Each structure stands twice: as structure tokens, then as C-alpha cells.
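[1] When you get a sec, could you give me coordinates for this:
(2 chains)
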There are 2 protein chains.
Amino acid sequence: VKRPHLDPELLAQRIRAGERTAIARAITLVESSKPAHHDLAADLLRILRPDTGKAIRVGITGVPGAGKSTFIDSLGRRLIDQGHRIAVLAVDPTSAKTGGSILGDRTRMGELAQSDQAFIRPSPAGSHLGGVARTTRESMLVLEAAGYDVVLVETVGVGQSEVAVAGMVDTFLLITLARAGDQLQGIKRGILEMADVITVNKADGDHESEARVTARELSIAMKLITSDPKATRPPVLTSSSLTGKGLDEVWQAILDHRARLEAAGQLQARRAKQQREWLWALVHGELEDALRVSPAVNAIRAQLEAEVESGELSALEASDAILAAFVRDAEDLLRH
Amino acid sequence: VKRPHLDPELLAQRIRAGERTAIARAITLVESSKPAHHDLAADLLRILRPDTGKAIRVGITGVPGAGKSTFIDSLGRRLIDQGHRIAVLAVDPTSAKTGGSILGDRTRMGELAQSDQAFIRPSPAGSHLGGVARTTRESMLVLEAAGYDVVLVETVGVGQSEVAVAGMVDTFLLITLARAGDQLQGIKRGILEMADVITVNKADGDHESEARVTARELSIAMKLITSDPKATRPPVLTSSSLTGKGLDEVWQAILDHRARLEAAGQLQARRAKQQREWLWALVHGELEDALRVSPAVNAIRAQLEAEVESGELSALEASDAILAAFVRDAEDLLRH
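    Presented below is the predicted three-dimensional model:
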């Protein structure tokens, strides 16, 4: 069956009207690795551009088990009650290997997923971070054009994915847990430095007072952690998705952070900088992808690596050989 | 005047004999950005390779004012007294701008610089880290071939240069100061995580007991800082370049760390891994250099960045345009 020709103008119109099937189709297009789709996606994003950039963009990270999904479920429903439309995206470069570790299972945000005012999209299948970050960023633009005014980008709390998410959001929320004495264990230092707001989650029942102690300790620890003594330290709050207590305060802290950026004229500057950095991340990402799939490079890669590790060949000589091979493939690989 | 033809075999012979002028000439060759020198340097390093890899390689970092140079001066002289030959190199990508911030001023290591058994080389002029890291690494190989059995690589304690140095040494020493209450201020978290040995320096006179308290506090703080609870935590010592107290203990801790690596069979594995990572760092560095100097890219760079920042153009479209321009120059730029 021949599929009808895809008209980006028509698709954009349906996205602006908020049609869910059109949105889903656009995201599939953006996630596709086919060269023809690449051009169509670029066309579509160009058409949608005037309608993008209007959402409150929030990154959410936390250690496994911190209750990110349930938190997003509860917070999302509150925001819908206040009249917002919520998009939830995920950046998880490991999902391809593990079969979808975050947001893959819709039931984890069961109630939010039922709402007409929410659009939940699991992490795209993509074996490397660059690819996942690109499609998540572009999906965010599609969802903004569709009128979602709050975009929550969930990520996994380990490795480099936080850096990618920090490069696409206005405010970064870290969700952690009360675990007496070692509440910092398992959270990488760099992630603490990136956080704009922190909440100690699952602060309910027996754990409520423990969570409050942890929040206080964490707030003191942030003083040590912050390299720049003049930097604003992130507020450390407590929250419970179960009772709902603290959720409004966390959201208010996110809005306060954003308002401070706006008042200082930094929101536009931050986004412009994110765009410029994103441009070069795309360029470098494409170069790395091309290097990885280059047949000429792959034909010599293992041999050269072994010779360099054993000391038979210098890294310099091997690098020259790889670049010479890469040049042979570059034109084919880099021109779309 | 036509310079005599440079014979890499002959130069290698003179380096192995420890001739200082030959060593200096080889390092100048390695630091040169001229294509003809690139090939000569590659030849030279290939010839020297069997004589490299035998030194104890130590990275040294610390906040400005921690007394790195004086520490290296004192430690270096002690090691010479014990029969070692010491090479001191620096990685400081900012030196081109500031006119040589570390090791540029020989007088800062006045006594060590007088010794026949020491070779001190300031950070190469190079505007970016990749270039500085490359030439430092290759200079280290030249100095190993010349029989220097301890190589100290000093770096600046900020930014990414520590990562580059950690990729070329066996053991990483962090020099810090006693400053009651905020001894962690100014040290990036990532650098603390990289340290194999830490010393609180300037532990003399009135500051000795303060330094010891700081060392104890820092040792406790490292427990919080370490992400992996099973990881070996670095010993935190105190030292004084003035009195010499603690210098032997710091050197012993460096040797102990190295011995642990060797006993576990990790030293060779670490170096093989460093070589492989270095190969790919060189490949990526060359690609980035080519991207930066590409005339076709530079002709459109500013315009595209401005359009992306203002939102007129998507990052995706601009990235495609940059890559298409880059491909036109790639063959010329990447083939040596």
C-alpha cells in the first residue's frame, strides 16, 4: 500500500489544532532515522517554529526508586486542574537496551495518561544519548506548537543524560529520598550542581519527619557542594505524591526560579545560549555518528585499537589512519 | 640560511643519550603545528616508542595559591637526592592568553631548574586544551625516552584540563589549603573524585594544626563525595614545602597507590585504556580543529549562529548547512 504524500503544512495545521494523531505522527517523524524523514521533519519544525518556545520547560531527575513517575503523575494532574496542558517526555539512552526503563510502561502514570490534557511520550529508541536528546528536543517543540504549556522532561539520574536535559529546559528539579546518613550517595556531584530545585520525596507517614531532617541536612550540604559561593543555592523541599503534601510548594519553587531568570533577563539569554550550544552539539553529534558508521573506519578500527593498546602503533599514527579513512566516507555520510 | 635536514634516527639517538638540546628540539618539534613537523614528530615518536612508558607518571593539581610550584620544587629536589631524574610538564590551556600562568616563570622552581637531573618545560602555547594535551603527552614520551623516571604533570585546578591530565598519568595528586570551614570551596567536585592522593599544603608554623584539622574534615567529606561506596578513598595528608615535613609521606602515598594498581594488574590495563581513549580523543580533536579552521564553515558561522539564537533558523537546518560546508574542506584539512 502506498502511503499518501505527507504534507508538512497540513500536518502543522493539525498539530496547532491539537490533534493527537497528528502530534504522534510528527514525533514519529522526528524520531525516524530515514533520510527522507529527516528533511520532512526539518520542514515541519521550520513551519511550527513561530508557535514554539511558549511552555514552562522543566527537567526532572532522581535516583531510581525516588518515585519520579508517581510524582509526575500527581503533579501533572494538579496542573491540569489549574488549567494547564501537560506534555511528559523522557530522555533515557539506556531504554533501547533495557526495553524501556522510564515512561515505557504507561501504567506508571496511569491517571495522567487518561487525561485529554496530557500527552505522555516514552523515551525514543536510540542507542546513543545524542540521538535521544535530539529527538526529545524536537518533540518538545512539536508539543509546544500543539499548545502544551508545561513540558516535563524526565531523565534517569545517572551519567550524561542530565547535561543533555539541562540544555533544553528552564528549570531542573532533582527528586531524592530520605536515607539517613547517606542521602548524597548515588547522586553524582555534577547533578547536584545542576539542580535548581530539590525535593526529598515520599515524605509521608513514618517517613515525613525523616524526610524533613534529610532536607535540612541536604540544604547544609549544598553549601559545601556549591563551587561558587555567590551562586543562589537551590531550595530543598519535601513532598509526597501519596498525600499531595508539598507538591504545590515544589511547583511554586519552579515558578519562582523561572521568574527570577525572567526578571534578570536571563530566560531569553539562557534559551539563546541553549540554541547555540545545541547547534554545535548537533554538528558534533553528526560527525560522531558518521565516524561510528563509516565503513572505511570500521574496516580498520579493531586492528588499530589493538595495536595502539599493545604499543605497536602510536595513537598519532592510528589517528591519522582513521581520519584518512573517514575522509573517504565523509561526503556520503554528512550530506543529507 | 637553509637548516640542515632533521634526521629523526639521529635525534632519537641524542635523546636516548640524554642531550638536553636534543630533548628541547624534539619537544619544539612535537609542539609545532606545521604539517612537515607533524610527520617528523610521528617518525620520532615511533622510533622512541620502545624506550617510553617506564616513568612514574604523576598529575598534580590544586587551586591557585595552593603552592603547587614550590611543592614540586621541594619534592623534585628530594627525589633527585634519592637518585631519580625528574621531568616537569604543565597543561594550562589558558597560558596562551595570560602569557604563561604556570611554569612560565622559571624562577618559581628556581632550585629544581638548576639541576642537571631535572627538565622543566612550561605549558605549550596553544589556544585550546586538545592541542596542549596532545603536545604534553608526546613531550612526556620524549622525556621518558631520555631517561627521566619521574614525570610530574602540573595543571591548573579548574575546568577540563584535569580530565586531560588524568588521562595521561598513573596517579593524580590534589594539593589544597587549610581554610577553616570552606576548604572545599573552589575545588570542583569532579576533581575531588579524580584525586588518588590529597595533601593539605602549607602545613607549617601557625597553620600546622589548622591543616591537620582540615585534612581530617576533608577525609570525612570524601566519604560523602564518593559516589561509589566501595571505591578506595584517597588518603588525605598534610605537607609543607617550607619545612619539608610530610613530603616523603605524600611521595610514599603516590608510590603506594601505584603499587596497588600494579598488584591488581591495573597499571598496564589503565595505560592501555588511556592509549585507546587517547586515540579517539586525537581523532575527535582533529575533527574539531578542522571544523574550527574550515574556511567554508567560517564563512557562514556567525550568520547561522545569530539566526539560530534569534529563532529565525532551526538548529537542525543550521547544522545541516555547517556539515555541508565542512565536507567541502574536509579532505584538505584532514589528510596530513
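[2] can you map out the helices along chain A?
    Secondary structure of chain A (DSSP state H): helices at A:8-16, A:20-31, A:35-48, A:68-81, A:95-98, A:110-114, A:129-145, A:161-166, A:189-194, A:207-225, A:247-263, A:266-293, A:295-310, A:315-334.
[3] So for residue B:269, which of those sits nearest?
    Closest to residue B:269 of those is helix A:295-310 (CB to CB; 9.5 Å). Just so you know, the C-beta spots here come from the backbone N, C-alpha and C atoms, and that holds for glycine as well.
[4] by how many degrees do that closest one and helix A:315-334 diverge?
    160 degrees (axes from the mean of the first three to the mean of the last three CA atoms, to 10 degrees).
[5] hmm, back to that, residue B:23 is nearest to which of the helices of chain A?
    Closest among these, using CB to CB: helix A:315-334, at 18.6 Å.
[6] Could you pull up the mean pLDDT of that closest one?
    The pLDDT scores in helix A:315-334 average 89.
[7] Could I get the CA-only coordinates of it as PDB?
    Presented in PDB, the C-alpha positions along helix A:315-334 are these (Å, rounded to 0.1, in the frame of the first residue of the first chain):
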ATOM      1  CA  ALA A 315      48.000   6.900  18.900                       C
ATOM      2  CA  LEU A 316      49.100   9.600  16.500                       C
ATOM      3  CA  GLU A 317      49.700   7.300  13.600                       C
ATOM      4  CA  ALA A 318      46.500   5.400  14.200                       C
ATOM      5  CA  SER A 319      44.500   8.700  14.400                       C
ATOM      6  CA  ASP A 320      46.000   9.800  11.000                       C
ATOM      7  CA  ALA A 321      44.900   6.400   9.500                       C
ATOM      8  CA  ILE A 322      41.400   6.700  10.900                       C
ATOM      9  CA  LEU A 323      41.000  10.300   9.700                       C
ATOM     10  CA  ALA A 324      42.200   9.400   6.200                       C
ATOM     11  CA  ALA A 325      39.700   6.600   6.100                       C
ATOM     12  CA  PHE A 326      36.900   8.800   7.400                       C
ATOM     13  CA  VAL A 327      37.500  11.400   4.700                       C
ATOM     14  CA  ARG A 328      36.800   8.800   2.100                       C
ATOM     15  CA  ASP A 329      33.300   8.300   3.500                       C
ATOM     16  CA  ALA A 330      32.500  11.800   4.800                       C
ATOM     17  CA  GLU A 331      30.800  13.200   1.700                       C
ATOM     18  CA  ASP A 332      28.300  10.300   1.600                       C
ATOM     19  CA  LEU A 333      27.700  10.300   5.300                       C
ATOM     20  CA  LEU A 334      27.400  14.000   6.000                       C
END
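[8] just checking, what packs against that helix?
    In this structure, helix A:315-334 makes packing contacts with helix A:266-293, helix A:295-310, helix B:35-48, helix B:266-293, helix B:315-334, judged by 3 or more CB pairs under 8 Å, 6 or more residues apart in numbering or on different chains; DSSP states H and E.
[9] can you list contacts of that helix?
    A:286-287, A:289-291, A:293-297, A:299-301, A:304-305, A:307-308, B:41-42, B:45-46, B:138, B:275, B:278-279, B:282-283, B:286-287, B:323-324, B:326-327, B:330-331, B:334-336 (CB atoms under 8 Å, 6 or more residues apart in numbering or on different chains).
[10] How much space separates the residue nearest to residue A:277 when sequence neighbours are not counted from residue B:299?
    Among residues not flanking residue A:277 along the chain, residue A:167 sits closest, at 6.1 Å (CB to CB, 6 or more residues apart in numbering or on different chains). Distance, residue A:167 to residue B:299, by CB to CB, to the nearest Å: 27 Å.
[11] which one of these two has more residues nearby?
    Using other CB atoms under 10 Å in any protein chain shown, the more surrounded residue of residue A:167 and residue B:299 is residue A:167, with 17 against 10.
[12] Surely that one is in contact with residue A:278?
    Yes. Contact criterion CB atoms under 8 Å: residue A:167 and residue A:278 qualify, at 6.4 Å.
[13] Can you tell me which of the helices of chain A is most buried?
    Ranked by mean neighbour count, the helices of chain A are led by helix A:129-145 with a mean of 24 (mean count of other CB atoms under 10 Å in any protein chain shown).
[14] ok, that one near chain B or not?
    Yes. Applying CB under 8 Å from any CB of the partner chain, one finds helix A:129-145 in contact with chain B at residue A:138.
[15] mind checking how far that helix is from the chain centre?
    Computed by CA atoms, centre = their mean, to the nearest Å, the chain-centroid distance of helix A:129-145 equals 8 Å.
[16] and it, what does it pack onto?
    helix A:8-16, helix A:20-31, helix A:35-48, strand A:86-91, strand A:150-155, helix A:161-166, helix A:266-293.
[17] What angle do helix A:266-293 and that helix make with each other?
    Using the same axes, to 10 degrees: helix A:129-145 against helix A:266-293 is 140 degrees.
[18] got the angle for helix A:129-145 vs helix A:8-16?
    70 degrees.
[19] what angle do helix A:129-145 and helix A:35-48 make?
    40 degrees.
[20] average pLDDT for helix A:129-145?
    pLDDT averaged over helix A:129-145 gives 88.
[21] got a pLDDT number for the closest residue to residue A:78 other than its chain neighbours?
    Distances taken as CB to CB, 6+ apart put residue A:247 closest to residue A:78, at 5.9 Å, once the chain neighbours are dropped. Listed pLDDT for residue A:247 reads 96.
[22] and if you look at residue A:301?
    Reading off the model, residue A:301 has pLDDT 96.
[23] how close does it get to residue A:333?
    For residue A:301 relative to residue A:333 (CB to CB), the value is 15 Å.
[24] For the stretch 151-300 of chain A, give me the ranges with low pLDDT.
    The stretch 151-300 of chain A contains residues with pLDDT under 70 at A:157-159, A:179-190, A:224-230.
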